[in-house]
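A.B. asks: Okay, sequence plus prediction incoming.
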Amino acid sequence: MKDVVLEVKDLKKFYSMSSKGISFKKLVEKNFVHAVDGISFSIRKGEILALVGESGSGKTTTGMCSLALNPPTSGEVLLEGENLVELFKSRRWREMCLKVQMIFQDPYSSLNPRHKVYKIVEEPIVVHKLAKTKEEKYKKICNALEDAGLKPAEDYLDRYPEQLSGGQRQRVAIACALVMSPLYLVADEPSSMLDVSIRAEILNLLLKLRDEHNLAMLYITHDLASAAYLANRVAVMYLGRIVEEGPAESLFANPQHPYTKALMSVVPTPGTKSKRERIVLKGETPNPINLPKGCRFQPRCPVAIPQCKEIDPELEQVMDGHKVACILNNM
Amino acid sequence: MKANNIPLLQVKDLCVEYHIPAGVFRAVDKLSFSLEKGKSLGIVGESGCGKTTAMLALLRLLPESGRIVEGEVLLEVEGEQKDILRLSPSELQEFRWNKIAMVFQGAMNALNPVRTVGSQIREALIFHNSVPKNKVEEEIDLLLDLVGVSPAYKNRYPHQYSGGMRQRAMIAMALACRPDVLIADEPTTALDMMVQAQILDLLKKLQHELDLAVVMVTHDLGAVADLCDDVLVMYAGMMAEMAPVETIFEKPVHPYTRRLISAFPDIDNPKADLASISGYPPALNNLPKGCRFEPRCELSTDKCILEIPDVIEVSKGHYCRCPISLSDYKVAK
C-alpha cells in the first residue's frame, strides 16, 4: 500500500511475572502478563488511528512498542518499511528518533519543572544537532511553539512550566514533539487530564497538525466521543487484542462487536434527548495473566453463547475495511 | 414526612474566601441553591471555579486559610431549619456524617493505605454510635453489599481493590450513618468509562432506595445528564445558571453554559465542530468588576464590564445570571 507510514505486524508484548527475569523453566505462558497479544495495524500519512479501550487493555503498551520505546516480545514494527526495533539497536537510532515522537498523558509531570520553556523545547534540537546557528535554533523553537498554538512564542520562552496552565503545558509538550518534524506521532490520552473547555482546544490542535504536517498519528484514549471526533479509523482493544477495527464513521454508526456496543452505550452524552439503552458490563477487565478460555470477552459478554468458550475468534472482515473478532458475526 | 415545604438542604448566599500570603481569594461568591429529599443536584464547572470549596464549606471542613464570610447552610431537622454554619463544634459533630456525608475526590488516595477497608468503615460506625456494638460487623457487611462489593473483601487493603471498588468503598463509608444528604465530589473522574457507568448506576440506585439527596460535583456534563434532576453551572465562584437537567441541555441560556455544552464531544454527532472557550477563567484575587465571564464572552456589552448581572428567573426553576442572553432567548423563542 502506498503512503503507509507505520505498519505493525503481529505485535506481542509479555511481561514476565518473576522478578529475576525469564527463566527457561518458567516459559510456560501462564506466568506472563499478556499485555499485548498479537495485534496488527497500519497507519497512513495524514491519518489518525484511535486506539480505544479500558485501562489494562494494552493501549499504552501498544503505543510504546510501536515506538520501540518498549521493545516488543515478538512481531514487527515497520516505519516506512524499515524495522524500527532493529533500527533502534543500530547506529542509525538518531534517524529513528527524528521520525517518531510521543505526547504523554500528564503535562504536569512530563515537563522538567526546573527548565524554562525555551530550554525544554531546545533540548531535542541540541541533542540531534538540528540547528547550525543560534538564530536558526531560536527560529525553530518559536515556530514549533506557534505551531502548537502558543502565540506569540516570545511571551512563553522565559516561563517555567509551573507558570503555565494545563492546556499550555500540553502545548509545550506538543511543541517538543513538533520541533523534530516527525512522520509518526503517538498521543497517549493527551487531553484526559485537562478541563472540558481546554480539551476541545487540544483536540482541534491535533486535527490541525495532522492536516498541516501530514502526520500519521496514533491517538490512544478511553474516551470514545473524542475518538469519534478526531479519528479516521478506530481500533477497539480488549485484553491485549483488537476486537474491532474500522473506519470511524462505519464503526460508530454500526458497531459489530458486543464490547464496542457496550462501550458506546455508556459514553456520556451532553443531553437527555438521545437516551440509548445502556449496556453496563459487570465487573472489570480480568487480569491478563490467566486469560479466559475461548473468546477473551466471553465472561463479561451479554450475548455469549456456549461456543464462545471454545473458539478464540480471529479478526474478520465484515464490511469494507471493517473487521470484527466475534463468532456471532459469522452465524 | 415533612409538614411544610422546607427543603432538606438550603444554601443561601454562601461566600468563601481563602486568606493566604498571596492575597485574598474569593473562591465562592453568593452561591444559593436548595435540594429536596430524594433529589439530586449536579454542580458543574471548570477546575478552580469553587465547586469543591463550596462543598467543603457545607460540612465546615475548609482548611485553616478558608473562611466562610457570609451565608447560611440550612438543614431540615424534624421540621426545623438549622444553620450548620452556626452550630457549636459538638453539635456539628452530630450533624456531620449522620445527616450529611461526603465522598471525597480521588478514591485512589482518600482511603488509608495501611488499614483494611472494613476497619475504616468500622471506625465511622463506632465513632458515631450509629449501631449497637454487637451489630457493627453485620452493618459493615450490609453496607458493602449495598454498594456492590462482596463482604468477603472486608479484610482487604485498599491496594487490593480496583479503582471502581475503592470508589464503592468510599460510598459505603459515607453511607455508614445513613445520612439524608450525600455529597459526591468528582465520583467518576479518573475511572474507566465502564466503571464510571457502574458508579453512576449505583448512585442512582442508592438515591431511589434510600431516598437520598445527592449533590454531585463534577466537570463532566455527561455524568450530570445521566444522574441529576437539577444542574447548577458555576463559573469563577458564582452561579452562572441553574435549571432542571432537560432545560440545561435543551434550552441553555447563559453563554458559558452554551459554550460548555458545545465543547463536549458528542458520539451521536461526532464530526460536529467542537467549540473551545478561548482564554482562561479570571484569577480569583483579581476578579473583574463586572460579569466574570465577560472577558471570554462573545456577546458582552459595555454594561457587562461595569456591573455583575443579577440573577434572573427565565422560567420556573430556571435561573440565569446574564441579562443579554435573556433578551436573546426571548427573540429566539
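C.D. replies: Here it is on my side, so go on.
A.B. asks: Next, please give the residue ranges for the strands of the stretch 1-150 of chain A.
C.D. replies: Ranges of strands in the stretch 1-150 of chain A, per DSSP state E, counting those that start in this stretch, are A:4-16, A:32-44, A:48-52, A:74-79, A:82-83, A:100-103.
A.B. asks: As a check, name the ranges of all strands in the stretch 151-300 of chain A.
C.D. replies: So, for the stretch 151-300 of chain A - with DSSP E, counting those that start in this stretch - the strands run A:184-188, A:216-221, A:233-238, A:241-247.
A.B. asks: Torsion angles phi and psi at residue B:19?
C.D. replies: Dihedral pair for residue B:19: phi -100, psi 100, per degrees, to the nearest 10.
A.B. asks: and the residue nearest the centre of chain B, what element?
C.D. replies: Against the mean C-alpha coordinate of chain B, by C-alpha atoms, centre = their mean, the closest residue is residue B:217 at 3.1 Å. Element membership of residue B:217, judged by DSSP states H and E, is strand B:213-218.
A.B. asks: Just say which of the strands of the stretch 1-150 of chain A is most tucked in.
C.D. replies: strand A:48-52 (a mean of 25; mean count of other C-beta atoms under 10 Å in any protein chain shown). C-betas here are computed from N, CA, C, even on glycine.
A.B. asks: Report all helices and strands that that strand contacts.
C.D. replies: Here strand A:48-52 touches helix A:59-66, helix A:196-213, strand A:216-221, helix A:224-230, strand A:233-238, going by 3 or more C-beta pairs under 8 Å, 6 or more residues apart in numbering or on different chains; DSSP states H and E.
A.B. asks: if we go to 7 Å?
C.D. replies: strand A:216-221, helix A:224-230, strand A:233-238 (3 or more C-beta pairs under 7 Å, 6 or more residues apart in numbering or on different chains; DSSP states H and E).
A.B. asks: Spell out which residues of the stretch 201-331 of chain A are next to chain B.
C.D. replies: A:201, A:203-204, A:222, A:224-226, A:228-229, A:252, A:263-264, A:266-272, A:274, A:278, A:280-281, A:284 (C-beta under 7 Å from any C-beta of the partner chain).
A.B. asks: List the contacts of the residue in the stretch 101-250 of chain B that chain A sits nearest to.
C.D. replies: Using C-beta to the nearest C-beta, the single residue of the stretch 101-250 of chain B nearest to chain A is residue B:222, 1.9 Å away. Residue B:222 is in contact with A:268-270, B:264, counting by C-beta atoms under 7 Å, 6 or more residues apart in numbering or on different chains.
A.B. asks: Considering those, which possesses the most neighbours?
C.D. replies: Neighbour count (other C-beta atoms under 10 Å in any protein chain shown) singles out residue A:268 as the most crowded of those, with 24 neighbours.
A.B. asks: mind checking pLDDT for that residue?
C.D. replies: In this model, residue A:268 is scored at 79, pLDDT.
A.B. asks: Tell me who's in contact with it.
C.D. replies: With C-beta under 7 Å, 6+ apart, residue A:268 has these contacts: B:220, B:222-223, B:225-226.
A.B. asks: And it, its phi and psi?
C.D. replies: phi -70, psi 130.
A.B. asks: for the most centrally placed residue in chain A, what are its contacts?
C.D. replies: Centroid-nearest residue in chain A: residue A:220, 3.1 Å away (criterion: C-alpha atoms, centre = their mean). If a contact means C-beta under 7 Å, 6+ apart, then residue A:220 has A:51, A:59-60, A:63, A:186-189 as its contacts.
A.B. asks: Show the buried residues in these.
C.D. replies: Among the contacts of residue A:220, those classed as buried by 16 or more other C-beta atoms under 10 Å in any protein chain shown are A:51, A:59-60, A:63, A:186-189.
A.B. asks: now residue B:18, nearest residue through space, not along the chain?
C.D. replies: Residue nearest to residue B:18 in three dimensions, not counting chain neighbours: residue B:25, with 4.4 Å by C-beta to C-beta, 6 or more residues apart in numbering or on different chains.
A.B. asks: could you redo the strands of the stretch 151-300 of chain A as JSON lines and give each row mean pLDDT?
C.D. replies: Output for the strands of the stretch 151-300 of chain A, formatted as JSON lines (pLDDT from 0 to 100):
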{"stretch": "strand A:184-188", "mean pLDDT": "94"}
{"stretch": "strand A:216-221", "mean pLDDT": "95"}
{"stretch": "strand A:233-238", "mean pLDDT": "95"}
{"stretch": "strand A:241-247", "mean pLDDT": "95"}
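A.B. asks: So for residue B:88, which of these sits nearest?
C.D. replies: Checking these against residue B:88 by C-beta to C-beta gives strand A:216-221 as the closest, at 50.3 Å.
A.B. asks: Can you pull the phi/psi pair for the nearest residue to residue A:171 once chain neighbours are set aside?
C.D. replies: Nearest non-adjacent residue to residue A:171, counting by C-beta to C-beta, 6+ apart: residue A:148, 4.4 Å away. Here is the backbone geometry of residue A:148 (degrees, to the nearest 10): phi -80, psi 10.
A.B. asks: Number of residues surrounding residue A:148?
C.D. replies: 26.
A.B. asks: ok, now residue A:81?
C.D. replies: 8.
A.B. asks: and it, how far is that from chain B?
C.D. replies: To chain B, residue A:81 is 32 Å away according to C-beta to the nearest C-beta, to the nearest Å.
A.B. asks: Would you check how far apart that residue and residue A:95 are?
C.D. replies: Residue A:81 sits 14 Å away from residue A:95, going by C-beta to C-beta, to the nearest Å.
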